[in-house]
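Novice: this one's sequence-less:
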């Protein structure tokens, strides 16, 4: 089940990343996950995008491993169970990870305690990602549901 | 200064970053800016809609303004003098920065107190896509922010109050407007924004110092080169005809076109100018864009392509009042789908020129180039819309035929050199075309080439026949044509582009520079120099030109700054200086 979950994680991350890019293209959100992640490490936009994609895929696999462990522990897997885990994952990503934790650790993002010594650069996500567009949270949540369903399906097939 | 809310077009200067360009009015108002790219919807559109979007920054009260570009740069400096003192505003769009996370697009305005105390006011009023995409400005942590869909912008200010502020000598205020497209905003630190402005100035200075031209009128040539670099869309290499749409050829008229595209016809002038100035990287990029853009339509060529090489057929009308009531304001250019046979000559002349100068065909493929020549050989008899993109019935334009000759002659020359596959019919057809031009296109009574056989109209575009290799400038018929055109189309140093154009529009500045070029090539140097001096006097205070000018008032008309005019200026200077490495 774990190998299946990892395979699902790879496919799910592709879907999530592509869906996220599609949402940007359609003007539903300005959240650019690879850029946000990559600029933690480098100010160079080109490098940041490459690094960000790598981190995002790595995260996708790590989360799918966690999904796999849950499937193993419960002895159950399937798209619906995956969807449920995706809902938890989406709520965590949208409500905590991207909204709260990312700004806290991002060296180029303004925080409430940023002062004259710092040079805040990157627009922070704001409450529930609302700064990046009103549909950002909904879209992020929906993509994580899809990710969860894909991981659950692959895990069940293995 | 403003008439019904509109500045004279002569009062605009351009700043840019190689992706888009803003027009800054003499009164400190930025009235035109499309983001993220030059062909994107505008954020500031006041130049075509008096109540439209703008970024005003000016003294609060009467003032005099004096402008210049910092030497060798595209950084604009406007000095405002009031009864109580003077301030200088430096405007620039900044460039990519690898050392800090830079905004996707950034416009920086730095105000320095020079003397006394000056009260200033500013108004930041963006209007996205002519107001079709509403923006609501909110203040977030002291920064003005607005967003709609893919686009967001922020205005960070330092020492500039909330719409008004006073500045004493030695004090400084800074504005940084940043734009994000499909990504989070980047909000700059003051020091970074100011540093980037200075770095942009350094870049421009360094770039212009490398220009290879030591002939007369160097300042004007360098300014034109800088203007052309502003009009280059760096991601693709395309050079847009102008960064604006629908600035009218006649105030109140409807001859208003969108010039935010790259025209193939201009390619030969572009390549000649860039290569002669030593801008080989830009020439290569432009050539690459041409070859890639045309790959989707070959062997047929469209007159114009999008900046990314794509196609766009539709032409729509924007909800804007138009410059001093000149409507419509068009988005897109329906001329894109016209058959303009004169495009093929400059295209193949450009290919030949690029090959002659660099020894390679670069992005061009021999088979594709040969296909263009084959198309000309089979289609040259067709009527077309001509160089001026007439929207009437197609006609047998003489220049179109002459340029078909150029296309085939250049293809045959490249074939002789072994660069293209040999096609004996190219030379045969070229001879046939020349016979047609010399018999049908020549009016023996008026002693001139005509625009269309059987019509009375003269067309100044035939002056490009020497520039595009059809004829020698010293040729008797060409000399007679110059005389006839100056007599019929000339108004002082200016030329209308065709008979009857004075009823419709201003004089076409490019034609006058073509005339300088033709005179210089014919060895009539005194006349060429005199005319050049008069034309240089017609530039605005910062050395830029619009497409046209009213010969009576000197008022600019049409889109600006216009690439074709600046290209013609450079080429005329190069021809005069005898620096061109011709055939």
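Specialist: Received the coordinates, thanks. Predicted model only: the values in this text are computed from it and were never measured.
Novice: residues in contact with residue B:194?
Specialist: B:108, B:110, B:174 (C-beta atoms under 8 Å, 6 or more residues apart in numbering or on different chains). C-beta: built from backbone N, CA, C; applies to glycine.
Novice: same thing but 10 Å
Specialist: With contact set as C-beta atoms under 10 Å, 6 or more residues apart in numbering or on different chains, residue B:194 has these partners: B:90, B:94, B:108, B:110, B:158, B:172, B:174, B:176, B:188.
Novice: Go through those and name the one nearest chain A.
Specialist: Chain A has its nearest neighbour among the contacts of residue B:194 in residue B:188, at 6.6 Å by C-beta to the nearest C-beta.
Novice: that's a strand at the closest one, yeah?
Specialist: No. Applying DSSP: H, G, I helix; E, B strand; the rest coil, one finds residue B:188 to be coil, outside a strand.
Novice: And it, its phi and psi?
Specialist: Per-residue torsions, residue B:188: phi -80, psi 160 (degrees, to the nearest 10).
Novice: Checking whichever residue of chain A sits closest to chain B next. Helix, strand or coil?
Specialist: Closest residue of chain A to chain B, C-beta to the nearest C-beta: residue A:27 (3.0 Å). Put simply, residue A:27 is coil when judged by three-state DSSP.
Novice: which non-adjacent residue is nearest it?
Specialist: residue B:149 (3.0 Å; C-beta to C-beta, 6 or more residues apart in numbering or on different chains).
Novice: Show the contacting residues for the one you found.
Specialist: A:24, A:26-30, A:133, A:135, B:128-129, B:133, B:181-182.
Novice: Tabulate those (TSV), appending neighbour count and distance to residue B:281.
Specialist: As requested, the contacts of residue B:149 are exported to TSV (neighbours: other C-beta atoms under 10 Å in any protein chain shown; distance: C-beta to C-beta, whole Å):
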residue	neighbour count	distance to residue B:281
A:24	23	31
A:26	13	36
A:27	16	34
A:28	19	38
A:29	24	37
A:30	24	33
A:133	23	38
A:135	18	42
B:128	23	34
B:129	21	33
B:133	15	36
B:181	18	26
B:182	22	28
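Novice: Verify the stated contact: the residue of chain A closest to chain B with residue B:151.
Specialist: Yes. The pair residue A:27 and residue B:151 passes the contact test of C-beta atoms under 10 Å, sitting 7.9 Å apart.
Novice: For chain A, give me the ranges with low pLDDT.
Specialist: A:111-120 (pLDDT under 70).
Novice: Can you tell me the centre-most residue of it?
Specialist: residue A:93 (6.0 Å; C-alpha atoms, centre = their mean).
Novice: ok, so what distance separates that one from residue A:33?
Specialist: 10 Å (C-beta to C-beta, to the nearest Å).
Novice: okay, and the common contacts of the two?
Specialist: Listed as contacting both residue A:93 and residue A:33 by C-beta under 10 Å, 6+ apart are A:16, A:59, A:102, A:140, A:143.
Novice: Give me the neighbour count for the last one.
Specialist: What that stands for is residue A:143. Close neighbours of residue A:143, defined as other C-beta atoms under 10 Å in any protein chain shown, add up to 24.
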